[in-house]
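> Pasting the sequence and the predicted model now:
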Amino acid sequence: MSIADWFQPKWKHSNPDVRRAAVERLTDQSLLADIAKNDGSSDVRRAAIARVTDQGTLAEIAKNCEHASKLRVAAVARLTDQSALADVAKNGCGECCKAAVQRLTDQSVLADIAKNAQDYTVREAALERVTDETVLADIAKNARDRGEREAAVKRLTDQSVLAHIAKNDDDWSVREAAMKRLTDQSVLADIAKNAPKYTMREAALERVTDETVLADIAKNACDRGERKAAVERVTDQSVLAHIARNDDDWSVRQEAVKRVSDQSVLADVAKNDKNSHVRYSAAERVTNQAVLADVARNDSYCELRKVVAERLDPTQHAELLRLLRTTAAGANAETNPSVLEQIARSALSEEAREAAVKRVADQSLLADIAKNDDKWSVRNAAVRRVTDQSVLAHVAKNDDDWSVREAAVKHLTDQSVLADVARNDKISDVREAAVERVTDPSLVADVAEKTRRDVDRLIALYEGRLKDPACPKGTTTLMIACDEDRPEVARALIKRRVDLDPRNEEGFTALHVIARGWGRTQCARVLLEHGASPNITNVADMTPLHWAAAKFHVELVGLLLKHGADRRLRNCDGMTPFDIVRVNYGKRTPDDQYRLLQKLLEG
């Protein structure tokens with residue numbers, strides 16, 4: 001304590017604790033104001049502020065940014081005058097502005113600050129205290145900042161304003177916020193049906209509860225995703241039945257089927273829908289044994305027949321189950337033509353159907369199988385026995401499998417169809433098969449030129465892939481062409497005298513690549529006919545025959561053996577190709593495929 005402290009007031013004492021104690025007893029407002037503004041201790045100034053009642057002084061302190069933030073906030077806490085609080089909120093700085101806003105009650109002032117304050121956090125604080133719907137609507141529609149528009153939307157209840165924002169705001173998050181507060185079903189229905197953006201229609205649809213509106217969207221919306229979403233919420237069975245039978249999109253029909261309970265509708269769909277996935281879903285819910293038997297006997301989708309067969313009552317359908325489980329040997333032994341036709345259409349074994357097709361004479365049945373059986377080998381067998389040119393034309397243009405299209409082409413005589421296939425089929429082998437049967441020389445030349453251009457483009461593409469670091473070292477353009485099943489490219493490369501048997505870093509030749517992959521025989525046949533060796537081994541002493549056997553590529557196994565593949569060679573584990581078949585087959589019951597491989601590989 002200095003000597004001066006004995007001769008001056010306590011509020012001027014050198015010890016701040018003494019000054020603070022003295023301030024707490026002062027009542028002189030001008031003196032308190034001076035101390036609050038100028039004392040060297042923040043604790044003393046805070047004590048002075050706590051006793052100041054003059055609103056102007058408090059406002060002056062609150063706005064003066066030279067004062068510490070805590071002191072300005074303490075001054076704001078003492079303000080009660082709304083105009084003074086408004087002045088601080090608009091003209092102060094930092095936290096005191098937000099503190100002032102928290103004490104404002106004047107809605108017009110809060111609205112002005114919410115719309116015009118420079119600091120976003122101050123505008124946000126003001127917005128949280130606005131309750132006037134008109135002001136909130138104005139901010140929600142017109143504020144420049146999307147965060148402010150969204151915050152205003154979350155406080156709005158006016159359905160017309162929310163509808164306007166949900167339809168028109170530029171920002172998705174603002175529209176979504178408005179959508180979540182909409183309760184007017186007519187407005188939601190309008191947005192769900194007519195909003196230009198899918199995300200808006202989807203969000204509105206999630207809040208629609210009116211069955212009539214949902215049914216309308218489920219039946220008539222242009223977008224399949226919206227129809228499907230509406231179907232998931234529809235409960236009206238008549239509406240679901242209508243959609244299950246009539247919607248253009250199979251996934252929408254399938255969703256409706258999952259919610260249909262009417263057995264007659266399910267039976268109708270299970271027997272007649274054009275999409276196998278929809279029929280499958282319907283059949284899973286059918287309980288009528290007669291309907292299940294009909295599906296098991298007549299559906300073109302083998303997997304569906306298998307599933308339905310498991311649900312048939314063996315006491316009621318013993319004869320049908322025997323027919324469905326017919327093997328290839330049984331089909332070859334059958335002498336009754338009508339039973340043979342049923343096997344060709346219904347047997348669960350692909351090999352049994354194929355064997356039966358080769359002995360069936362009914363052209364309408366063959367045409368149906370050629371168009372609709374789900375296994376290419378069965379369709380191929382049927383195509384070879386079809387005589388109707390319109391059926392062959394349909395298959396040649398539309399079948400998913402190139403080998404079936406090729407088989408149809410080889411039986412076609414219609415020159416216009418052959419010309420179309422020769423120009424447009426995506427597989428060169430099919431185009432070439434068509435060209436061989438075309439009589440117009442100019443068309444033959446045109447197709448040949450198109451094929452040449454396609455081949456040159458693919459070779460350049462494959463050569464570019466060889467530069468990819470991920471490409472195994474030693475890979476050749478021929479290997480890539482064979483991996484992608486491009487026999488026309490393989491022929492072109494062979495004409496350029498490329499080596500047929502180089503090996504990559506894994507010891508794989510082009511024949512290995514085919515055998516390890518899909519096992520398609522077109523490229524393999526091209527290679528073998530031009531002298532490729534079927535007995536070269538890779539680093540694990542695996543020949544192409546080992547790989548073909550391991551992958552159960554029966555046709556390729558036969559082709560390799562025909563061209564000199566040695567079935568006795570053993571890999572690094574001492575296994576022959578058939579040893580690998582036995583190991584991979586495990587404990588499963590031998591089927592026709594296994595027995596055929598056994599016959600080929602054991603000699």
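Nice, I can see it. Numbering: from 1, shown residues only.

> who touches the residue nearest the centre of the chain in this structure?
Of all residues in the chain, the one closest to the mean position by Cα atoms, centre = their mean is residue 225, 12.3 Å from it. By Cβ atoms under 8 Å, 6 or more residues apart in numbering, the contact list for residue 225 reads 198, 202. C-beta coordinates here come from the backbone N, C-alpha and C atoms, glycine included.

> can you map out the strands along the stretch 101-250 of the chain?
With DSSP state E, counting those that start in this stretch as the definition, the stretch 101-250 of the chain shows no strands.

> show me where pLDDT drops low in it?
Within the stretch 101-250 of the chain, no stretch has pLDDT under 70.

> quick revisit: roughly how far apart are the residue nearest to the centre of the chain and residue 214?
15 Å (Cβ to Cβ, to the nearest Å).

> One more: residue 467?
Counting by Cβ to Cβ, the gap from residue 467 to residue 214 is 56 Å.

> contacts for the helix or strand of the chain with the lowest mean pLDDT?
Every helix and strand of the chain was ranked by mean pLDDT, DSSP states H and E. The lowest is helix 592-602, at a mean of 75. Here helix 592-602 makes contact (Cβ under 8 Å, 6+ apart) with 327-328, 349, 351-352, 549, 552, 554, 557-558, 561, 567, 576-578, 581, 585, 588, 590.

> and it, which residues are buried?
592, 594, 596-597, 600-601 (16 or more other Cβ atoms under 10 Å).

> Export that helix to CSV, keeping only CA atoms.
Output of helix 592-602 as CSV, limited to C-alpha atoms (Å, rounded to 0.1, in the frame of the first residue of the first chain):
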residue,chain,number,x,y,z
ASP,A,592,-25.1,-85.6,-67.0
GLN,A,593,-22.3,-82.9,-67.2
TYR,A,594,-20.1,-84.9,-64.8
ARG,A,595,-20.7,-88.1,-66.6
LEU,A,596,-19.9,-86.5,-70.0
LEU,A,597,-16.6,-85.1,-68.6
GLN,A,598,-15.7,-88.5,-67.2
LYS,A,599,-16.4,-90.2,-70.5
LEU,A,600,-14.2,-87.6,-72.4
LEU,A,601,-11.3,-87.5,-69.9
GLU,A,602,-11.1,-91.2,-69.0
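
> any idea how far residue 273 is from residue 443?
Residue 273 is 40 Å from residue 443, by Cβ to Cβ.

> okay, these two: which has more neighbours?
residue 273 (21 against 17; other Cβ atoms under 10 Å).

> And the closest residue to that one other than its chain neighbours, how far from residue 213?
Nearest residue to residue 273 in three dimensions, chain neighbours excluded: residue 279, at 4.9 Å (Cβ to Cβ, 6 or more residues apart in numbering). Look at residue 279 and residue 213: by Cβ to Cβ, they are 30 Å apart.

> Residue 488 reaches residue 453, doesn't it?
No - the pair residue 488 and residue 453 fails to qualify as a contact (Cβ atoms under 8 Å) at a distance of 11.4 Å.

> Between these two, point out the one with more neighbours.
Neighbour count, other Cβ under 10 Å: between residue 488 and residue 453, residue 488 has more, with 21 against 9.

> Count the residues that sit near residue 472.
When neighbours are counted by other Cβ under 10 Å, residue 472 comes out with 10.

> which of residue 279 and residue 213 has more neighbours?
Taking other Cβ under 10 Å, residue 279 and residue 213 do not tie; residue 279 has more neighbours (25 against 20).

> Contacts only, for that one.
269-271, 273, 295, 299, 301, 304.

> what ranges do the helices span in the stretch 401-550 of the chain?
402-409, 415-424, 428-437, 441-465, 477-483, 487-495, 510-516, 521-529, 544-550 (DSSP state H, counting those that start in this stretch).

> Show me where the stretch 301-450 of the chain dips below the pLDDT cut-off.
Those would be 444, 447-448, if you go by pLDDT under 70 across the stretch 301-450 of the chain.

> quick one: the strands in it?
Using DSSP E, counting those that start in this stretch, strands in the stretch 301-450 of the chain do not occur.

> wouldn't residue 297 be in contact with residue 346 here?
Yes - between residue 297 and residue 346 there is a contact at 5.1 Å, judged by Cβ under 8 Å.

> list the residues that contact both of those two?
With Cβ under 8 Å, 6+ apart, residue 297 and residue 346 have common neighbours residue 324.

> Of these two, which one has the most company?
residue 346 (22 against 17).

> which residues touch the more buried one?
Applying Cβ under 8 Å, 6+ apart, the residues contacting residue 346 are 296-298, 305, 323-324, 353.

> Report the buried members of those.
Using 16+ other Cβ under 10 Å, the buried members of the contacts of residue 346 are 296-297, 305, 323-324, 353.

> which regions of the stretch 451-600 of the chain lie under the pLDDT threshold?
Using pLDDT under 70, the stretch 451-600 of the chain drops low at 586-593.

> try 90
Scanning the stretch 451-600 of the chain for pLDDT under 90 picks out 451-472, 484-489, 492, 496, 518-522, 552, 554-555, 578-600.

> Next, count neighbours for residue 117.
20.

> Not counting its neighbours along the chain, what's nearest it?
residue 123 (4.7 Å).

> what's the spacing between that neighbour and residue 373?
Residue 123 is 70 Å from residue 373, by Cβ to Cβ.

> go on, residue 531?
Residue 531 is 37 Å from residue 373, by Cβ to Cβ.

> burial measure for residue 576, as a count.
19.

> who touches it in this structure?
Counting by Cβ under 8 Å, 6+ apart, residue 576 has contacts 567-570, 601.

> Kindly report the same for residue 375.
302, 350, 353-354.

> run the last query once more with 7 Å
302, 350 (Cβ atoms under 7 Å, 6 or more residues apart in numbering).

> How about residue 222?
No contacts exist for residue 222 under Cβ under 7 Å, 6+ apart.

> And the one 10 residues further on, by the same measure?
With Cβ under 7 Å, 6+ apart as the criterion, the residues that contact residue 232 are residue 255.

> Looking at the contacts of residue 576, which two lie furthest apart in space?
For the contacts of residue 576, the farthest-apart pair by Cβ to Cβ is 570 and 601; their separation is 12.8 Å.

> do you know how far residue 534 is from residue 474?
19 Å.

> Neighbour count for the two, which is higher?
More neighbours surround residue 534 than the other of residue 534 and residue 474, with 23 against 14 (other Cβ under 10 Å).

> still on that earlier bit, what separates the residue nearest to the centre of the chain from residue 179, distance-wise?
Where residue 179 is concerned, residue 225 sits at a distance of 17 Å (Cβ to Cβ).

> And residue 68, by the same measure?
Residue 68 is 45 Å from residue 179, by Cβ to Cβ.

> what does residue 481 give?
Taken as Cβ to Cβ, the span from residue 481 to residue 179 is 54 Å.

> helix or strand for residue 57, which one?
For residue 57, the host element (DSSP states H and E) is helix 55-63.

> quick one: buried residues of that helix?
Buried, per 16+ other Cβ under 10 Å, within helix 55-63: 55, 57-63.

> Same check on stretch 268-278?
By neighbour count with 16+ other Cβ under 10 Å, stretch 268-278 contains the buried residues 268-271, 273, 276, 278.
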